[in-house]
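next come a sequence and a model predicted from it.
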Amino acid sequence: MTITWIKVKNVKGLRYYEHSTRIYKKRKDRNFSLTYKIGGQTKTESLGWESDGWTIEKASVIMNELKQNQKTGQGPRTLAEKREAAKKQEKLEKQEHQKSALFRDVFRQYIGRVKKDESEKSYTRKLGLFQKWIEPIFQDIELEAIKPTLVESVKDNMVSNGQSERSIQYALSTITLTFKYAKSIELTECESPAAKIKTPKKDNKRERFLTKKEADLLLDELKKTSEQLYDISLLSLYCGLRAGEIFKLEWQDANFDSNRLFIKDRKNGGNASLPMHDKVREMLLRRQETDNTGYVFKSTKGTKITEISNAFTRAVERLGFNKNISDPRQKAVFHTLRHTYASWLVMSDIDLYTVQRLMGHKDITMTQRYAHLAPEHLDKAVSVLR
């Protein structure tokens with residue numbers, strides 16, 4: 001395509017050509033360029049299209065500015081130099097803005113996104129960790145000024161106040177995610193200083209499991225409160241299922257002909273076909289009489305359940321199972337039912353390999369963690385020696 005340049009009257013060196021088809025403001029769009037001599041050589045530089053905001057008046061101002069700079073030797077002499085100077089200035093302003101960005105303010109923007117995109121539980125947890133443990137240490141400190149030593153102070157404060165390893169991990173993760181968010185909106189180029197902090201390691205394996213009598217008492221108490229919660233607890237106790245596995249269970253996963261439950265996508269990968277205990281079979285058949293489609297256990301709205309009801313904790317409290325117990329490893333919680341299942345199997349002389357398969361553990365050491373024997377059972381074993 002042949003370009004026909006048109007000189008602008010009264011502005012030496014300013015010219016334009018018209019687009020062959022594109023119309024802007026009822027006429028063909030125009031592309032402006034500058035031509036001038038610098039260092040004895042003729043230089044031509046393109047400004048841009050009128051549809052992008054360029055006008056004869058605006059181009060004239062730029063041309064006069066560059067010619068004046070060429071005469072005085074100060075400031076950008078060409079359009080390329082002017083654009084490069086603008087980029088440098090923008091970069092400096094951005095760096096200054098980054099330096100002044102407070103962690104507190106960035107977190108508030110980030111937590112706003114969490115409220116929109118994540119669960120209420122995630123939002124509440126992150127906000128609580130920030131308010132109680134992070135904000136008192138970080139106060140009015142800029143992102144760029146936060147170093148690993150400051151994050152260590154958050155961790156040490158949580159440790160000295162008896163916070164769990166899991167809570168400390170969440171707090172460090174909250175700091176890291178805030179930095180990641182800041183990076184995504186170009187408020188910092190720094191990596192999270194929390195990424196270099198190691199969380200304290202603690203033996204968190206659960207020691208507590210229920211005796212047969214305690215299990216019966218708990219199930220009876222749950223039945224008074226909620227039949228569905230009773231059924232969910234029975235399933236965990238006699239099949240060793242995690243809460244998440246129970247929530248995903250559908251009626252199509254129950255095979256009453258073979259007395260098997262198909263468990264999809266277990267925590268450590270893969271699926272499993274597990275035998276039904278007689279009590280579980282009886283419970284499922286009873287539930288099937290009133291509802292046999294979709295999920296086995298549903299919320300009041302007919303949707304998938306996402307967490308165990310607080311009624312479980314209240315039932316445990318009424319029975320006094322956790323009275324005067326401060327060590328979380330010794331407390332009875334919903335996961336205790338799964339732990340009890342494994343412990344009962346081991347105490348009934350079921351080999352660890354079989355227990356490992358039933359529990360869905362990839363590593364036998366995990367089975368040993370959950371299926372260790374109670375002290376009184378060990379005492380009984382030793383007592384047979386004469």
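Happy to help now that I have it.

list the buried ones in stretch 132-150?
Within stretch 132-150, the residues scored as buried using 16 or more other Cβ atoms under 10 Å are W133, I134, I137, F138, E142, L143, E144, I146, L150. The C-beta positions use only the backbone N, C-alpha and C, and glycine is treated the same way.

hey, C-alpha coordinates of the helix or strand hosting the last one in CSV?
Mapping L150 onto the secondary structure by DSSP states H and E places it in helix 148-160. In CSV, the C-alpha atoms belonging to helix 148-160 read as follows (Å, rounded to 0.1, in the frame of the first residue of the first chain):
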residue,chain,number,x,y,z
PRO,A,148,11.9,-12.9,58.1
THR,A,149,12.9,-11.8,61.6
LEU,A,150,9.6,-10.0,61.9
VAL,A,151,7.7,-13.0,60.8
GLU,A,152,9.7,-15.1,63.3
SER,A,153,8.3,-12.8,66.0
VAL,A,154,4.8,-13.7,64.9
LYS,A,155,5.6,-17.4,65.1
ASP,A,156,7.4,-17.1,68.5
ASN,A,157,4.5,-15.2,70.0
MET,A,158,2.0,-17.9,68.8
VAL,A,159,4.3,-20.7,70.2
SER,A,160,4.7,-19.0,73.6
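
which element follows that helix toward the C-terminus?
Counting by DSSP H and E, what follows helix 148-160 is helix 165-184.

and that next one, what other elements does it pack with?
helix 103-117, helix 120-129, helix 148-160 (3 or more Cβ pairs under 8 Å, 6 or more residues apart in numbering; DSSP states H and E).

mean confidence score for it?
The pLDDT scores in helix 165-184 average 91.

run through who's touching that helix.
Helix 165-184 is contacted from outside by 101, 103, 106-107, 109-110, 113, 125-126, 129-130, 133-134, 143, 151, 154-155, 158-159, 188-195, 197, 199-202, 204, using Cβ atoms under 8 Å, 6 or more residues apart in numbering.

in it, what's buried?
167-168, 170-179, 181-182.

is it possible to get CSV of the residues you listed that adds distance to T35?
Shown next, in CSV, are those (distance: Cβ to Cβ, whole Å):
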residue, distance to T35
S167, 68
I168, 66
Y170, 63
A171, 62
L172, 59
S173, 58
T174, 57
I175, 55
T176, 53
L177, 53
T178, 51
F179, 49
Y181, 47
A182, 45
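
so which of those residues comes closest to Y295?
Nearest to Y295 among these is Y170, at 28.9 Å by Cβ to Cβ.

I'd like to know how many residues surround T35.
15 (other Cβ atoms under 10 Å).

same check, this time on V106
V106, neighbours per other Cβ under 10 Å, totals 19.

domain-wise, how is the chain divided?
Listed by automatic domain parsing, the domain ranges of the chain are 6-91, 103-196, 212-383.

what distance separates the first one from the centre of its chain?
Right, domain 6-91. 49 Å (Cα atoms, centre = their mean, to the nearest Å).

what's the closest non-adjacent residue to T367?
Q356 (4.2 Å; Cβ to Cβ, 6 or more residues apart in numbering).

look up how far G40 lies from the one you found.
85 Å (Cβ to Cβ, to the nearest Å).

swap in M347?
Distance from M347 to G40, by Cβ to Cβ: 97 Å.

what's the answer for R318, then?
Counting by Cβ to Cβ - R318 and G40 are separated by 96 Å.

which residues touch the residue nearest to T367?
I364, M366, T367.

just the closest of the residues you listed to I3, please.
Distances from I3 to the contacts of Q356, taken by Cβ to Cβ, are shortest for M366, at 73.7 Å.

and stretch 44-59, end to end?
13 Å (Cα to Cα, to the nearest Å).

tell me the mean pLDDT for it?
pLDDT averaged over stretch 44-59 gives 92.

list the buried residues for it?
For stretch 44-59, by 16+ other Cβ under 10 Å, it's L47, W49, E50, W54, I56, A59.

R318 and G40 - which one has more neighbours?
Per other Cβ under 10 Å, whichever of R318 and G40 has more neighbours is R318, with 12 against 5.

what sits against the more buried one?
E221.

could you measure from it over to S299?
Relative to S299, and taking Cβ to Cβ, R318 is found at 24 Å.

got it, and F107?
32 Å.

more neighbours: those two, which one.
Counted by other Cβ under 10 Å, F107 and S299 do not tie: F107 has more neighbours, with 26 against 12.

G48 contacts N31, doesn't it?
Yes: checked against Cβ atoms under 8 Å, the pair G48 and N31 is within contact range at 6.9 Å.

which secondary structure state does the closest residue to T4 other than its chain neighbours sit in?
Leaving aside its sequence neighbours, T4 sits nearest to Y17 (Cβ to Cβ, 6+ apart; 6.0 Å). Under DSSP: H, G, I helix; E, B strand; the rest coil, Y17 falls in the strand class.

list the contacts of Y17.
I3, T4, W5, I6, R30, N31.

can you do 10 Å?
T2, I3, T4, W5, I6, K28, D29, R30, N31, F32, S33 (Cβ atoms under 10 Å, 6 or more residues apart in numbering).

who touches the closest residue to T354 other than its chain neighbours in this structure?
The shortest distance from T354 to any non-neighbouring residue, by Cβ to Cβ, 6+ apart, is to L345 (7.6 Å). Applying Cβ under 10 Å, 6+ apart, we find L345 in contact with G240, D351, L352, T354, V355, L358, M359, T367, A371.

return the member of the residues you listed nearest to E282.
G240 (17.7 Å).

the closest one touches L337, doesn't it?
Yes: with contact defined as Cβ atoms under 10 Å, G240 and L337 form a contacting pair (8.3 Å).

check what pLDDT the closest residue in space to K362 that isn't next to it in sequence gets.
In this structure, K362 finds its nearest non-sequential neighbour in N268, 4.5 Å apart by Cβ to Cβ, 6+ apart. At N268, the model reports a pLDDT of 72.
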